[in-house]
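Chemist: 3D, please:
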Amino acid sequence: PGLVDKLSGVVARAGGNWLESRMTVLADQFAGIVRIQVSEDQADTLANALLTLRDQGLTISLANAGDRNAAAAEQRLTLSIIGNDRPGIVSEVSRALANRGINVYDMSSAVTSVAMSAEPLFEATAEIALPDGVNRDELLDELEVIADDLSVDITLD
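Modeler: So this is what the prediction gives:
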C-alpha cells in the first residue's frame, strides 16, 4: 500500500501533470507505466526525485516519450483469442503481427478454468493498429490458419 501515493507525490511536488497510466498487480508484483507532463525546467528535478524512489525498493525506468504522430491511415482493431491453454499461443500470433509491422497498443491475457472440466483456458484481448497497406483480410486468413493449428478461436473486430 502507498506506492501510487509515493509516486504521485513526487510528481506533484515537481509540478508534473499525471496524464495517463496503466498499473496492476501481476504475480504478486505491482507494475505500472505512467505518462507525465512536466515543464522543461523541472524535468531534471522530477527525474532525480523519481530515481530516489529506488532507495525504497522500487525499480524505476525513465524515458522521454516525445511526440508520436500516428499515421492517419492506421486502422485500430481488437484482436481476441480464446481456447485451451498451451505454450506458443502468444508467440505464434505476435509473430504474425510483427511480420506485417502491426503494433500492439494494449494487451491483456489470463489463464482461467473451463467451466465443468476445470481445464486451463487461455484468453487474450489486444488493441492493434494496422499500418497503411496491410490488408485486413489477408491478416485474418493468416490468423485463421494459426487458430486452426493451435485449436483456439481468434477474432478481429
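
Chemist: what ranges do the strands span in this protein?
Modeler: In the chain, the segments counted as strands under DSSP state E are 17-26, 29-37, 75-84, 103-113, 120-130, 152-156.

Chemist: and residue 59, which of those strands is closest to it?
Modeler: Residue 59 lies closest to strand 29-37 among the strands of the chain, at 8.9 Å (Cβ to Cβ). Just so you know, the C-beta spots here come from the backbone N, C-alpha and C atoms, and that holds for glycine as well.

Chemist: Return the list of strands paired to the closest one, each annotated with direction.
Modeler: strand 17-26 (antiparallel) (DSSP bridges).

Chemist: Can you lay out the strands of the chain as JSON lines showing mean neighbour count, distance to residue 50 and mean pLDDT?
Modeler: Supplementary listing: those in JSON lines, determined by neighbours: other Cβ atoms under 10 Å; distance: least, Cβ to Cβ, whole Å; pLDDT from 0 to 100:
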{"stretch": "strand 17-26", "mean neighbour count": "10", "distance to residue 50": "12", "mean pLDDT": "92"}
{"stretch": "strand 29-37", "mean neighbour count": "12", "distance to residue 50": "9", "mean pLDDT": "93"}
{"stretch": "strand 75-84", "mean neighbour count": "16", "distance to residue 50": "31", "mean pLDDT": "95"}
{"stretch": "strand 103-113", "mean neighbour count": "12", "distance to residue 50": "24", "mean pLDDT": "93"}
{"stretch": "strand 120-130", "mean neighbour count": "17", "distance to residue 50": "28", "mean pLDDT": "95"}
{"stretch": "strand 152-156", "mean neighbour count": "17", "distance to residue 50": "38", "mean pLDDT": "96"}
